[in-house]
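Undergrad: this is a predicted model, with the sequence first.
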Amino acid sequence: DTEVTQTPKHLVMGMTNKKSLKCEQHMGHRAMYWYKQKAKKPPELMFVYSYEKLSINESVPSRFSPECPNSSLLNLHLHALQPEDSALYLCASSLYHSYNEKLFFGSGTQLSVL
Amino acid sequence: AQSVTQLGSHVSVSEGALVLLRCNYSSSVPPYLFWYVQYPNQGLQLLLKYTSAATLVKGINGFEAEFKKSETSFHLTKPSAHMSDAAEYFCAVSGGNQGGKLIFGQGTELSVKP
């Protein structure tokens, strides 16, 4: 199994809603990532978890709250989002968090904030 | 700080023609360089990576890239384009003082004409 699975694939939410994005991998990877991607732009790193501990937070607003319950799961909790947060949210994993590691990406969750 | 520049946000080739996507990097230390591809409505997939073992790197789907330190380049090539190669291509760099972060270029959209 070399897949990173993200659910849901599409999500529409209002600015007062609370929702969560889920990411799962069963490759034994110890590093997991959240990226945000706007249309026609490169992915922007949001968070990195290494061995289930948050190791990088790229100054992401607190309305985005990551969680890593175990080595296979990564969640992104969303609350009070703004319309400009509408984007494709990509989860990725790698064997370790290191310079030369290959990232495996999920297909993403397309988020629309109304 | 490290960075990559992809020359040309959009490249169009005919089916069967040579594909050349340009990437130049800036790094004060020996870099790790990557090419990722993103097909429509999907996440990113690694095509190939350079980690100093060999300057000519072969990847998946017939793509290859050559690391040229004197030109600070890592251009991606494929001898004969297929319709299925139409996608967004991202060059990326990591290493040095970026803490294992992957720095993406702005991307090049490849179109393949029949």
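TA: Noted; the coordinates are in hand.

Undergrad: who touches the most centrally placed residue in chain A in this structure?
TA: The residue lying closest to the centre of chain A (Cα atoms, centre = their mean) is residue A:34, at 2.9 Å. For residue A:34, the contacting residues are A:23, A:45, A:46, A:47, A:66, A:74, A:76, A:89, A:90, A:91, by Cβ atoms under 8 Å, 6 or more residues apart in numbering or on different chains. Placement of C-beta: from N, CA and C, glycine included.

Undergrad: any idea how far it is from chain B?
TA: Taking Cβ to the nearest Cβ, to the nearest Å as the measure, residue A:34 and chain B are separated by 12 Å.

Undergrad: please apply the same query to residue A:60.
TA: For residue A:60, the distance to chain B - Cβ to the nearest Cβ - is 14 Å.

Undergrad: can you get me a residue count around that residue?
TA: Number of residues near residue A:60 (other Cβ atoms under 10 Å in any protein chain shown) recorded here: 17.

Undergrad: check it and give its pLDDT.
TA: Here, the pLDDT recorded for residue A:60 equals 96.

Undergrad: next up, the contacts around it.
TA: By Cβ under 8 Å, 6+ apart, the contact set of residue A:60 is A:46, A:47.

Undergrad: recalculate using a threshold of 10 Å.
TA: A:34, A:36, A:44, A:45, A:46, A:47, A:66, A:76 (Cβ atoms under 10 Å, 6 or more residues apart in numbering or on different chains).

Undergrad: that older thread, so the residue nearest to the centre of chain A bridges to which residues?
TA: residue A:47, residue A:91 (DSSP bridges).

Undergrad: picking up where we left off before, could I get the contacts of residue A:60 as CSV with distance to residue A:111 and pLDDT?
TA: Output for those, formatted as CSV (distance: Cβ to Cβ, whole Å; pLDDT from 0 to 100):
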residue, distance to residue A:111, pLDDT
A:34, 12, 98
A:36, 9, 97
A:44, 14, 95
A:45, 17, 95
A:46, 13, 97
A:47, 16, 97
A:66, 15, 98
A:76, 10, 98
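
Undergrad: residues of chain A that sit close to chain B?
TA: Within chain A, the positions near chain B by Cβ under 10 Å from any Cβ of the partner chain are A:4, A:6, A:9, A:31, A:33, A:35, A:37, A:40-45, A:48, A:50, A:55-56, A:58, A:88, A:90-92, A:94, A:96-108, A:110.

Undergrad: neighbours around residue B:52, how many?
TA: Count around residue B:52 with other Cβ under 10 Å applied: 11.

Undergrad: which residues touch the closest residue in space to it that isn't next to it in sequence?
TA: The shortest distance from residue B:52 to any non-neighbouring residue, by Cβ to Cβ, 6 or more residues apart in numbering or on different chains, is to residue B:30 (6.1 Å). For residue B:30, the contacting residues are B:50, B:51, B:52, B:67, B:69, B:95, B:96, by Cβ under 10 Å, 6+ apart.

Undergrad: surely residue A:84 is within a helix?
TA: Yes - assessed with DSSP: H, G, I helix; E, B strand; the rest coil, residue A:84 lies in a helix.
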